[in-house]
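# generate a structure from the sequence data that follows.
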Amino acid sequence: MMLGPLFFGISGIISSVLQAYHRFLMYAIPPIFYNLAIIFGILVLVPAWGEAGLAIGVLLGSLLQVVVQLPIFFKLGGRPKLIFNIKDPGLRKVVSVSVPRVAALSFNQVTNLILIAVASLLASGSIAVFKFSANLIYFPIGIFGVSYALAIFPKLSESVARKKGEEFFSGLSFGIRNILFWSLPIAFLFIVLRAHIVRVILGAGAFDWNDTRLVAASLATLSAMIVFEGLNTLLIRAFYALEKTWEPLVANISASIASVVSAIILLGLFVRFPEWLHDLSRVLRVGDIAETQVLAVAIAFSLGSVLNFFLLSAKLRKTAEGAFGIAARESVRPLARIVIASALAGAASYLTLLPFPALLPTNTFLGIFAQGVTAGLAGFAVYFVALYILRAEEFMSLLQSFREHLYSP
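Numbers count the residues shown, from 1 in each chain. I've put the predicted structure just below:
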């Protein structure tokens, strides 16, 4: 499997070329082949070759990530050449801008390891609670935050290359509004439907109802990250478009330190003032569970994400205004509309849950699934209706695009 990182690296370079040419569909396809190859290894190769079959499946998947991109890469005029020249100015530039990014990713991993180490000092199962809830949070972040950031990054880079400041700020504002458009209501729905989400995805085997509730409580405290981590992904790429890679690293390190320090401080406060932890646990409906200190780790993780956003946004505004010589224009009205509609969506979803225990058994998979889906759909229905009434620009643009594609000849 050690060959895998080589193929991933080559795939990443080709993907960057495809993104520069706005070929995002082909960028999204390789991970699908990677996962299909792993599934093939599990179902076909493992029965024949044992554990080695799984490793071969993983390696095959990493190779396919390269192969499936080559046709469109060649069509665009790409021709790989093996050149080794340390003095090449392009190589020097790539190294200079990539070192901070590598450092940031490494520091993120170190921070996660420290938080996991802190969780390991708590009750048995605390690490699993923290990791399960974090994994669930990063699913919507990847869909809405990362995807929008990847799509907008080439446009931001083009604006910088052409020295079009207003175009840069307009593209950045478009990305921020659209990430908020999707991530904010999802964050509200994650809070309301947290137990349903955890029970449907994880609730099987030895994973009992108390496990579900504790992971759900941790999920609720991490829900703010759906919004802020999605925005952070876009802001970091805005820095990269400006070729300023050290600034986000400084913000990232500051936020990571804040997360670790906050976790330690919160745990100390909960030990000194156990009634605070009990009150928090009651609000999250886990007050009858004895060991809930892991919530301090989840809260600290969220606080780091929020702090990172404010540090990045403040520094990005100053950096971009200095680069273009113009001031950024901001309006709180679009954000206010999305916040109001998202709050109404959460309220509608919660009210939809209330009559369900009398209608369907909620102690079965189908009952929980039906309850969660119905409440989620009701929340989104109210969200879109509210946006339509408020004449939110993002929703009206989405509606117009849908009409054009539906009725176009």
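# list the contacts for His22?
Shown in contact with His22 (Cβ atoms under 8 Å, 6 or more residues apart in numbering): Pro154. Where C-beta positions appear, they are placed from N, C-alpha and C, glycine not excepted.
# so how far is Lys87 from it?
Separation of His22 from Lys87 (Cβ to Cβ, to the nearest Å): 32 Å.
# could you do Glu393 as well?
Counting by Cβ to Cβ, the gap from Glu393 to Lys87 is 50 Å.
# so these two - more neighbours on which side?
For Glu393 versus Lys87, neighbours defined as other Cβ atoms under 10 Å are more numerous around Glu393 (15 against 6).
# around the residue lying closest to Leu280 once chain neighbours are set aside, how many other residues sit close by?
Nearest residue to Leu280 in three dimensions, chain neighbours excluded: Leu295, at 6.3 Å (Cβ to Cβ, 6 or more residues apart in numbering). Leu295 has 27 neighbours, counted by other Cβ under 10 Å.
# likewise Gly165?
Gly165: 18 neighbours (other Cβ under 10 Å).
# hang on, it packs against Ala320?
Yes - shown here, Gly165 and Ala320 form a contact pair, counting by Cβ atoms under 8 Å, at 7.5 Å.
# ok, back up a step: element containing the residue nearest to Leu280?
helix 294-324 (DSSP states H and E).
# please identify the buried residues of the very next helix or strand once past that helix?
Heading C-terminal from helix 294-324, the first helix or strand you meet, by DSSP H and E, is helix 333-353. Of all the residues in helix 333-353, those buried under the rule 16 or more other Cβ atoms under 10 Å are 334, 337-338, 340-342, 344-346, 348-350, 352-353.
# go on, stretch 202-211?
Leu202, Gly203, Phe207, Asp211.
# lowest-confidence one in the residues you listed?
Checked by pLDDT, these have Gly203 as the lowest-scoring entry (78).
# list the contacts of that one.
Applying Cβ under 8 Å, 6+ apart, the residues contacting Gly203 are Thr212, Phe365, Ile368.
# give me the three-state assignment for the last one.
Looking back up the chat, that one is Ile368. Recorded secondary structure, Ile368: helix (DSSP: H, G, I helix; E, B strand; the rest coil).
# isn't it right up against Val198?
No - contact between Ile368 and Val198 fails when scored by Cβ under 8 Å: they sit 9.9 Å apart.
# quick check: nearest residue in space to Ser259, chain neighbours excluded?
That would be Gly304: by Cβ to Cβ, 6+ apart, it lies 3.1 Å from Ser259.
# revised request: answer the last question for Leu214.
Val129 (5.3 Å).
# would you mind checking the contacts of Gly203 for buried ones?
The buried subset of the contacts of Gly203 (16+ other Cβ under 10 Å) comprises Thr212, Ile368.
# lowest-confidence one in the contacts of Gly203?
Comparing those by pLDDT, Phe365 comes last, at 79.
# going by neighbour count, which residues in stretch 314-326 are buried?
Judged by neighbour count (16+ other Cβ under 10 Å), stretch 314-326 contains these buried residues: Lys315, Leu316, Arg317, Ala320, Phe324.
# sorry, that was for stretch 149-167
Neighbour count says stretch 149-167 has 149-157, 159-160, 165, 167 buried, by 16+ other Cβ under 10 Å.
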